[in-house]
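S.K.: Output the structure for:
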Amino acid sequence: MLTLVRGRADRLRNLMRGLARQTLRPRELVIAWMQLDPAPDLPDPGCPVRHLHVPGEPMPLAAARNRAAAAACGDLLVFLDVDCIPGPTLVAAYANADAAERGLFLGEVLYLPPDAIAGGPAPDPAALDRLGRPHPARPPLPETGLRREPDAGQLWGLSFALPAEAWRAVGGMDEHYVGYGGEETDLAARLAGSGLPTFWVAGARAYHQHHPVHVPPLQHFAPILANATRFHARHGRWCMTYWLEQFRAAGLIAWDTEAAAIRVLRQPSAPEIAAALRPQALFS
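M.R.: Predicted coordinates for the structure are as follows:
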């Protein structure tokens, strides 16, 4: 199990408590800290824990995942976002998927409302099941086993797993993606190009702990444009089109899906960025 952390120590503690309730304990938990010191008073996740320090600004997401993957000792890499609490069968479901097929495996994430975890330990999984909501852009998962997914771009960094050798074969994440957005879709495209199939996995459920979001994510305007441009140069198509469409609708860029480049018309203003904050929204 691998996760990346900057701040969010309360979220990490709930993730670790979720690992302690697994029907199949992970071999280890590798924590890539994108901050100088690990958080204190971490709970026992029921498995060995290894700590890595990954410096860099802005948050070195691709580099942190690469360092965590390089340090991991298992043959299956399971990535779980620090905001996510693993359901009790998550590790077993990914392990069973890996035993049945060679692939990129995607698990279900249910989004929790703001008051689901009121400053204390996470409720039990049954309560989280009642409170959580699936993302409307994600398909329903199979009730059992695996279902082939033709679009590897469904990869979302909140929860996924793949063989360590498949990760190494494509060189992991491209660290030229700086800041927010694009690095996961680029990885998915390269994995698909290598011939690795993608599957949805029943039982690999996680629960996303709420945090405010911006709709659209104007606070990441510059890195989204830079990373979308990098993706287009490599793959000949655009990623993050939903956000690019929102930026265009706001009069910030001139762009369409057939465009060879994005033309910036103006930068978002501080009031626009503030107005985009949606404290109660579950999805960005």
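S.K.: can you count the residues close to the closest residue to Gly74 other than its chain neighbours?
M.R.: Of all residues not flanking Gly74 in the chain, Arg27 sits nearest, at 4.9 Å (C-beta to C-beta, 6 or more residues apart in numbering). For the C-beta atoms, the positions are set from N, CA and C on the backbone; glycine is no exception. Burial of Arg27, expressed as a neighbour count using other C-beta atoms under 10 Å, amounts to 17.
S.K.: now swap in Leu90 and tell me
M.R.: The criterion is other C-beta under 10 Å. On that basis, Leu90 has 30 neighbouring residues.
S.K.: Now Ala206, what are its backbone angles?
M.R.: In this entry, Ala206 is assigned phi and psi values of phi -130, psi 160 (degrees, to the nearest 10).
S.K.: now do Ala233
M.R.: Summarising the backbone geometry of Ala233 under the convention degrees, to the nearest 10, its torsions are phi -60, psi -30.
S.K.: mind checking pLDDT for it?
M.R.: The score at Ala233 is 97. That number is its pLDDT.
S.K.: just Gly119 next, same as before
M.R.: 66.
S.K.: Now the terminal residues of stretch 14-29, how far apart.
M.R.: Between the start and the finish of stretch 14-29 there is a gap of 14 Å, counting by C-alpha to C-alpha, to the nearest Å.
S.K.: how far does it sit from the chain's center?
M.R.: Chain-centre distance of stretch 14-29: 18 Å, with C-alpha atoms, centre = their mean, to the nearest Å.
S.K.: Also stretch 93-101?
M.R.: With C-alpha atoms, centre = their mean as the basis, the distance from the averaged C-alpha position of stretch 93-101 to the chain average is 20 Å.
S.K.: Surely the residue nearest to Gly74 and Cys47 touch.
M.R.: Yes: at 6.5 Å, Arg27 and Cys47 qualify as touching, with contact defined as C-beta atoms under 8 Å.
S.K.: And the helices in the stretch 101-250 of the chain, which stretches?
M.R.: Using DSSP state H, counting those that start in this stretch, the helices found in the stretch 101-250 of the chain span residues 125-131, 164-169, 183-193, 221-235, 241-249.
S.K.: Of these, which is nearest Asn96?
M.R.: Go through the helices of the stretch 101-250 of the chain one by one with C-beta to C-beta and the one that ends up closest to Asn96 is helix 164-169, at 17.2 Å.
S.K.: Export only the CA atoms of the closest one, formatted as PDB.
M.R.: Output for helix 164-169, consisting of C-alpha atoms alone and laid out as PDB, is shown next (Å, rounded to 0.1, in the frame of the first residue of the first chain):
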ATOM      1  CA  ALA A 164       5.200  -3.400 -10.100                       C
ATOM      2  CA  GLU A 165       6.800  -4.800 -13.200                       C
ATOM      3  CA  ALA A 166       4.200  -3.000 -15.400                       C
ATOM      4  CA  TRP A 167       4.900   0.200 -13.600                       C
ATOM      5  CA  ARG A 168       8.600  -0.200 -14.100                       C
ATOM      6  CA  ALA A 169       8.200  -1.100 -17.800                       C
END
